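In: Can you look at this prediction? I've put the sequence above it.
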Amino acid sequence: MKSASKPRSRQVMDFPLDVRTQEKAKTDKAPCVASGRLATYAPDGRNVERFLALLSRRMNRHIAVSMIGCVHCGLCADSCHYSLVFPDDPQMTPVAKADRIRKIFKRHSDWTGRIVPWWVGAKSPADDADLNELKNVAFGLCSACRRCTFSCPMGVDTGGLVRFTRGLLTAVGIVPEGIFNVSRDQWDTGNQMGVQEDDYLETLAWMRDEARTELGDDSLDIPVDKEGCDFLYAINPREIKFDPRSIGQAAKIFHLAGESWTMPRWGWDNTSFGLFSGDDALGAYIANNVYEAAVRLKAKRLVISECGHGFRATRWEGYGWARRDQDVPSESVVVTLERWLREGRLKVDKSRNMLPVTFHDSCNVARSSGLTEEPRRVLKRVCADFREMTPNRTENYCCTGGGGLLSMAEYRPVRLEAAAIKARQMEATGAKLVCTMCHNCIDGLNDVIKHYNLDMKVVQILELVDTALIR
Ligand code: SF4
Ligand code: SF4
C-alpha cells in the first residue's frame, strides 16, 4: 500500500479565484428560470460586504454556539482524517479550519472581537482573495464528515460551521466550479446529473425488461406515476447514469416481497447539492419535489435508495429546509429490506455470498442520521463472512469523498493523500468486498482502492441481497 507524502495544504490555500461570473455561466449552458436562483460571482468589489451581511442575517443558535463554544483544547485533532494523516500541519486540524470563519464572526458579531480584536484573534476578510482562501479551506480541506463534531466535549459542530461557511461563499458566487455546475444542473433539471426525462424512462424500461428476463416473470414491473402504492421509490441519479443495475436489483426484490410501488416521473432525485454547498434553498427545492411526488401519487410511504447524503437530506434535513411536516413517512431502503427479511417476506441463502465482506458506515447515514444497525442485520443475514471495520458505526472514517469533494477535481490530490488512513482501515479487515449503502461512498472508496492498490471491490446492500435471494 502506498503511504502519504508531505502536507499539501499550502498548495490548496493557494488555488486561484476560479468563479463563475454571469457571463461565464451563460456560455457554459443557457440557464433556465431555476438556475437563475444560483448566485454567480460579481467582480464589483462588494463581495466582502455581502458576505458579512449574510453572516449576520443567517446566524442562528446552533451556529452561534459552535462559534463561541470552542475552548481550543485540541481534542478534535485526533478525529479528523486530514490532521491524522498530516500531523505536522496545524492547518489541517478541525479547530484551525473552523477558526477561519470564527475569527470573522468574532470581529463582527462578538463584543470581544469588536473591542480587542488583536487579543482574541479576530480578523475580517479584506477582499475577494481572502474569501477565496476561505473557500479553499471550507470546500477543499474538509469533507464535512462531522467526525470531529462527535469528539468535541463542548458540543462544537465544526462540520456544521463548515457548511454554514460554504453557504455564505456560495451566496456570493465564490464556490468551486464543480459545485457550481452540479448545483446548476440540479436547479435546471431537478436532478444533479442533468438526466433528461426520456433517458430516465428508457433506463427504467430497460431495467424492467432485464429483471423480467432474469426472474422469468413478465408480471414484474417498474411502474411510473402509479397512484396509491405502498411506497414511492426515490433514487440517486448516478443509478440512471452510471449504475442502473441497482434499479434492476431493487425491482426484483420489491417484486418478490409483494409490495406495490412506483417511481415518480418528476421528483425522483433523493440527492441534494444544497447539503454540500450550504444552499438551503436548493435543498428545499429538491426535497420538496420528492415530498410533493409522494403526496401527488398518494403513496403510503417514501423509500430512499442507498445514498448517504440523499438519505440525510430527504429523511431529515429537507423537511426543515422546505419548512413542511412529514406528510408521508420516509425510510431508507435498507430499513425496508431489514423488515422484509425479519418478516420472512424474502428468502435468502447466505452461502451465495461467500467472500469476506466488511461494511463502511457512510458519515451521513451513521453519524448524521443514526442508522447503524439495520445494515448490519441485513448483511449478517445474506453474507457468510461479515467482518467489522475498526473503528465503525459513528466512529468510522469518511470515504474521503464526502461533502461534494468528488465533484471538486482541484482538491483531489490532497483528498487522496488524506485517504491513507481509510486505506489502512479497509485493508486491515482482510475483506475482499467493502459494502456501503451510499452511491457517493462507492466512488470515494473506489478512488481509495485504486490509489492505494487495495485488493477489494465495492458493493452495495441491494446487490448482496439480490445475490442471496432464493427465487
Ligand atoms: S474539541 Fe471542541 S473545544 Fe476542543 S478544539 Fe476542537 S472544537 Fe474546540
Ligand atoms: S468535519 Fe470531518 S473532514 Fe471536516 S474537519 Fe471535521 S473531521 Fe475533519
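Out: The structure has been received and is ready for your questions. Ligands and ions are numbered 1, 2, ... in the order given.
In: list the helices and strands the strand or helix carrying residue 211 packs on?
Out: Counting by DSSP states H and E, the element that carries residue 211 is helix 197-215. Judged by 3 or more CB pairs under 8 Å, 6 or more residues apart in numbering; DSSP states H and E, helix 197-215 is in contact with helix 237-241, helix 245-257. Every residue, glycine included, has its C-beta placed from N, CA and C.
In: My guess is residue 245 contacts residue 467. True?
Out: No - the pair residue 245 / residue 467 is not scored as a contact, 11.6 Å apart, by CB atoms under 8 Å.
In: after the lowest-mean-pLDDT helix or strand in the chain, next one along is what?
Out: Every helix and strand in the chain was compared by mean pLDDT, DSSP states H and E; the lowest is helix 22-28, with a mean of 55. Going down the chain from helix 22-28, the next helix or strand is helix 47-57, by DSSP H and E.
In: chain center to the helix or strand that comes right after that following helix, what's the gap?
Out: The helix or strand immediately downstream of helix 47-57 is helix 61-68, counting by DSSP H and E. The chain centre lies 23 Å from the centre of helix 61-68; the measure is CA atoms, centre = their mean, to the nearest Å.
In: before we move on, what about stretch 239-246?
Out: The mean C-alpha position of stretch 239-246 is separated from the chain mean by 17 Å, CA atoms, centre = their mean.
In: Can you show me the CA trace of that stretch as CSV?
Out: Coordinates of each C-alpha in stretch 239-246 appear next as CSV, following Å, rounded to 0.1, in the frame of the first residue of the first chain:
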residue,chain,number,x,y,z
GLU,A,239,-28.1,5.0,-10.7
ILE,A,240,-29.7,6.1,-14.0
LYS,A,241,-26.5,7.5,-15.5
PHE,A,242,-23.7,5.1,-14.3
ASP,A,243,-25.1,2.0,-12.5
PRO,A,244,-28.7,1.1,-13.4
ARG,A,245,-28.1,-2.4,-12.1
SER,A,246,-29.2,-1.2,-8.7
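In: Now that stretch: buried residues?
Out: Across stretch 239-246, burial judged by 16 or more other CB atoms under 10 Å covers 239-241, 244, 246.
In: just stretch 105-117 next, same as before
Out: 105-110, 113, 117.
In: For whichever helix or strand residue 112 is part of, name the packing helices and strands.
Out: Counting by DSSP H and E, the element that carries residue 112 is helix 111-115. Where contact means 3+ CB pairs under 8 Å, 6+ apart, helix 111-115 is packed against helix 94-109, helix 117-120.
In: tell me the most buried of those helices?
Out: helix 94-109 (a mean of 22; mean count of other CB atoms under 10 Å).
In: rewinding a little: in a markdown table, list the helices and strands packed on helix 197-215 along with mean pLDDT.
Out: Below are these laid out as a markdown table (pLDDT from 0 to 100):
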| stretch | mean pLDDT |
| --- | --- |
| helix 237-241 | 98 |
| helix 245-257 | 98 |
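In: residue contacts, the closest residue to ligand 2 within the stretch 301-450 of the chain?
Out: Here the stretch 301-450 of the chain gets closest to ligand 2 at one residue, residue 398, 6.1 Å apart by CB to the nearest ligand atom. Residue 398 makes contacts with 81, 143, 145, 147, 363, 422, 444, as judged by CB atoms under 8 Å, 6 or more residues apart in numbering.
In: same thing but 7 Å
Out: Residues in contact with residue 398 (CB atoms under 7 Å, 6 or more residues apart in numbering) are 81, 143, 145, 147, 363.
In: What about ligand 2: which of these touch it?
Out: Restricting those to those near ligand 2 by CB under 6 Å from any ligand atom leaves 143, 145, 147.
In: out of these, who's nearest ligand 1?
Out: In terms of CB to the nearest ligand atom, no member of the ones next to ligand 2 among the contacts of residue 398 lies closer to ligand 1 than residue 147, at 11.4 Å.
In: quick one: secondary structure of residue 380?
Out: helix (DSSP: H, G, I helix; E, B strand; the rest coil).
In: And for the nearest residue to it once chain neighbours are set aside, the neighbour number?
Out: For residue 380, ignoring the flanking residues on the chain, the nearest one in space by CB to CB, 6 or more residues apart in numbering is residue 386 at 5.4 Å. Residue 386: 20 surrounding residues under other CB atoms under 10 Å.
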